[in-house]
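*Asks:* please find the sequence and the predicted model below.
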Amino acid sequence: MEYVVAAVILLVVLVAGAVGLMVPRMRRRELPPQAGGGTTTLERPTEEEPPPLVVPAEADEGLPPLIEAPVESPVVVEEKPELEKPEPTAGRLVRLRARLARSQSSLGRGLLSVLSRDHLDEDAWEEIEDSLISADVGVEATQVIVERLRERVRVLGTRTVAEVRAQLAEELTSALEPGMDRTLRTTPHDGRPAVLLVVGVNGAGKTTTCGKIGRVLIADGRTVLFGAADTFRAAAAEQLATWGERVGAETVRGPEGGDPASVAFDAVKRGIDTGIDTVLIDTAGRLQNKVGLMDELGKVKRVVEKHGPVDETLLILDATTGQNGLEQARVFTEVVDVTGVVLTKLDGTAKGGIVIAVQRKLGIPVKLVGLGEGPDDLAPFEPAAFVEALLGSDG
Ligand SMILES: Nc1nc2c(ncn2[C@@H]2O[C@H](COP(=O)(O)OP(=O)(O)OP(=O)(O)O)[C@@H](O)[C@H]2O)c(=O)[nH]1
């Protein structure tokens, strides 16, 4: 009898033990497939199955499984350079006036000293003419301005220096044709970006101006793309790309020595595809007397226009080249239809009168002026504010 009882107890213990081993195994089989260490499942997930979940051992104890992200290749977090915030454009010319006035003051001082004479005789009027001509206003424009001023002084019987100065300022301002449309067409239209082509001779400041305009537009909440169609000078594309990085604009570049027209075309295409507001195309500097290069510029424009008309062709003129710049400008206007002039380096010349000569000769408005190498040293051109700077102290 004792043997029977012992045999029954042994049987019960064996059965209980077998059940104890089986149950956890069955429970594990119900879990989703697992991967990695800490699991006991060996089944491989099929291709269609969701990413493997890593279930810690505790899951067996009935705790909710922790879901970890599947192991992927490490994500490279690109460090974006901190974008710069350009200064507002409103009133820039006034803010930069001191800089302009510094270089123009000789004209202002000279004129004021003549105007302060008791009597404006023939010699005095000649001196006024000479001052304006040597400030690059141009002979023709000077004669018109002085003639009109003389007439006003005579008719109105103007006496004080302040009055004559004010009348001269009015004449100079009117010679700058304040009614001309100086707006820069940079707004996207017809489902595509506005396209600006920037042209001019070597070293006039094309790349710098592209960068400065780009900054202004981005500050105004626009999206901008640069096209580095200056494929002759690798450094120019590099320089433009640097401007782009600083303000957050993409730069489309081509191979060095490549076809500038194709880079310009690609830049506009990229601008259209990515929904950019304004595409600025920087072209290579060229001498206006090199026919081949000028023809190439015409080609750049024609190729870009396969996407639609160019909205603005800006001619960059270096103010320090004075009257020579006028001949350059004339040749450019014959090859491409220039819609606006940007006069750069006005901070470096005492001959700001070139603005009057340029507009008069070309009949094209000066839209912007460059007043330094700094990123915000570009101002919308305002005739009255400019004349105040040209004449120096408010007198
Ligand atoms: N003082 C002064 N310097 C300027 C101004 N604009 C441009 N510059 C300088 O002029 C030099 C030539 O400028 P870039 O922009 O490289 O001229 P670019 O026309 O693109 O030259 P290329 O590509 O060689 O044809 C640079 O040193 C600029 O910093 C300005 O308004 N004032």
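*Replies:* Thanks, I have it.
*Asks:* and this protein, what are its domain boundaries?
*Replies:* 97-175, 194-391 (automatic domain parsing).
*Asks:* end to end on the longest one, go ahead and measure it.
*Replies:* Here the two ends of domain 194-391 are set 37 Å apart, with distance taken as C-alpha to C-alpha, to the nearest Å.
*Asks:* and it, how far out from the chain's middle?
*Replies:* Mean-position distance between domain 194-391 and its chain equals 11 Å (C-alpha atoms, centre = their mean, to the nearest Å).
*Asks:* going forward can the numbers begin at 24, since that is how I track them
*Replies:* Fine by me, first position is 24 from now on; the one you just mentioned is domain 217-414.
*Asks:* what about residue 373, how many residues nearby?
*Replies:* The local packing of residue 373 (other C-beta atoms under 10 Å) involves 17 other residues. Where you see a C-beta, it was placed from the backbone N, CA and C, and this is true even at glycine.
*Asks:* try residue 276
*Replies:* The local packing of residue 276 (other C-beta under 10 Å) involves 22 other residues.
*Asks:* residue 323 now?
*Replies:* By the criterion of other C-beta under 10 Å, residue 323 has 25 neighbours.
*Asks:* the helix or strand where it lies and the ligand, are they touching?
*Replies:* Using DSSP states H and E, the element containing residue 323 is helix 314-327. No - judged by C-beta under 6 Å from any ligand atom, helix 314-327 makes no contact with the ligand; its nearest approach is 11.1 Å.
*Asks:* ok, back up a step: could you export the domains of the chain as CSV, including mean pLDDT and distance to residue 206?
*Replies:* As requested, these are exported to CSV (pLDDT from 0 to 100; distance: least, C-beta to C-beta, whole Å):
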stretch, mean pLDDT, distance to residue 206
domain 120-198, 85, 19
domain 217-414, 91, 8
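*Asks:* buried deepest among these, which one?
*Replies:* Highest mean neighbour count of these: domain 217-414, a mean of 21 (counted as mean count of other C-beta atoms under 10 Å).
*Asks:* who touches residue 233 in this structure?
*Replies:* Contacts for residue 233 (C-beta atoms under 8 Å, 6 or more residues apart in numbering) come out as 221, 249, 263, 266, 303, 305.
*Asks:* the ligand contacts on the stretch 274-418 of the chain?
*Replies:* Residues of the stretch 274-418 of the chain lying close to the ligand by C-beta under 6 Å from any ligand atom are 308, 367-368, 370-371, 393-396, 400.
*Asks:* quick one: list the elements packing against the helix holding residue 323.
*Replies:* strand 217-222, helix 283-296, strand 301-306, helix 347-358 (3 or more C-beta pairs under 8 Å, 6 or more residues apart in numbering; DSSP states H and E).
*Asks:* tell me which residue of the stretch 174-323 of the chain lies closest to the ligand.
*Replies:* For the stretch 174-323 of the chain, the residue closest to the ligand is residue 308, as judged by C-beta to the nearest ligand atom, at 2.2 Å.
*Asks:* just confirm that residue is within a helix.
*Replies:* No - per DSSP: H, G, I helix; E, B strand; the rest coil, residue 308 lies outside any helix segment and is coil.
*Asks:* got the contact list for it?
*Replies:* Shown in contact with residue 308 (C-beta under 8 Å, 6+ apart): 223-227, 229, 253, 256.
*Asks:* just residue 294 next, same as before
*Replies:* 215-216, 218, 248, 301-302.
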